[in-house]
Structure formats: C-alpha cells, structure tokens
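J.: sequence unknown, structure follows:
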C-alpha cells in the first residue's frame with residue numbers, strides 16, 4: 001500500500017511539473033470565461049482533447065479496415081460464383097466420372 005501511495009504521489013508530481021514546464025516554455029494557456037486555467041487544468045484539457053482524437057482515429061481506422069475487408073470478401077465471392085457458373089458443366093462431368101469410377105463394393109465378411 002505504501003508503494004502505491006508513493007507511485008500516485010510521484011505521478012501527480014510529474015504531471016503537475018510537466019504541465020507547469022509546458023505552459024511556461026510554450027506559453028500555452030487556456031482561458032475560460034476570462035479565467036486563465038492553471039497548468040494542471042491545461043494539461044488535463046489537452047489530455048481530453050488527445051483522447052477524443054485517438055477515439056476518432058480508431059473509428060476511422062476500423063471503418064476503413066472494415067470497408068477493405070468487405071470489399072475483399074465481395075470480390076472473392078463474386079469470383080467464386082463466376083467460376084462455378086462458368087465451369088459447372090466440367091464440374092458436373094468430373095463428379096459423374098468420379099462417381100462411376102469409385103469402388104461401390106461393400107466390405108462385408110462372410
């Protein structure tokens with residue numbers, strides 16, 4: 001439990017100091033209703049914007065991959081149907097030949 005408390009305090013300290021350094025070096029300040037936000041709130045708002053952008057990017061990537069998968073599946077199915085419809089007489093002849101050639105004797109013992 002002591003290690004967890006130390007880790008949380010160090011995390012808060014690092015986030016606050018990073019926010020302070022970032023706002024001092026880049027002079028980035030968020031102003032809401034004529035009030036300047038402190039560095040911690042600025043860092044939090046930047047994090048929220050980052051998370052929103054990541055979620056939007058995830059949805060775009062998933063939709064693009066989904067469209068590509070659907071397209072590949074449709075092309076494969078179309079080629080399969082076209083191949084079967086073009087070669088069905090040969091496939092039927094092959095099936096009849098295999099049926100006639102195969103051994104129909106049963107393995108019964110006397």
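T.: Nice, thanks for sending it over. Please read these numbers as outputs of a predicted model, since none were measured by experiment.

J.: for the helix of greatest length in the chain, packing partners?
T.: Residue-count comparison of every helix in the chain, with assignments taken from DSSP state H, identifies helix 39-101 as the longest. For helix 39-101, the packing partners by 3 or more C-beta pairs under 8 Å, 6 or more residues apart in numbering; DSSP states H and E come out as helix 2-26. Where you see a C-beta, it was placed from the backbone N, CA and C, and this is true even at glycine.

J.: that older thread, so the longest helix of the chain versus helix 2-26, what angle?
T.: Note on geometry: by axes from the mean of the first three to the mean of the last three C-alpha atoms, to 10 degrees, helix 39-101 and helix 2-26 are set 110 degrees apart in direction.

J.: Give me the residue ranges of this protein where confidence is low.
T.: Regions of the chain meeting the criterion pLDDT under 70 cover residues 104-110.

J.: which residue is nearest the middle of it?
T.: residue 62 (4.9 Å; C-alpha atoms, centre = their mean).

J.: and the gap between it and residue 50?
T.: Residue 62 sits 19 Å away from residue 50, going by C-beta to C-beta, to the nearest Å.

J.: Ok, residue 93 next?
T.: In this view, residue 93 and residue 50 are 64 Å apart by C-beta to C-beta.

J.: and what of residue 89?
T.: To residue 50, residue 89 is 61 Å away according to C-beta to C-beta.

J.: swap in residue 30?
T.: 14 Å.

J.: Ok, residue 81 next?
T.: When C-beta to C-beta is applied, the distance between residue 81 and residue 50 equals 46 Å.

J.: same deal with residue 99?
T.: When distance is defined by C-beta to C-beta, residue 99 is 66 Å away from residue 50.

J.: now swap in residue 87 and tell me
T.: Between residue 87 and residue 50 the distance is 55 Å, computed by C-beta to C-beta.
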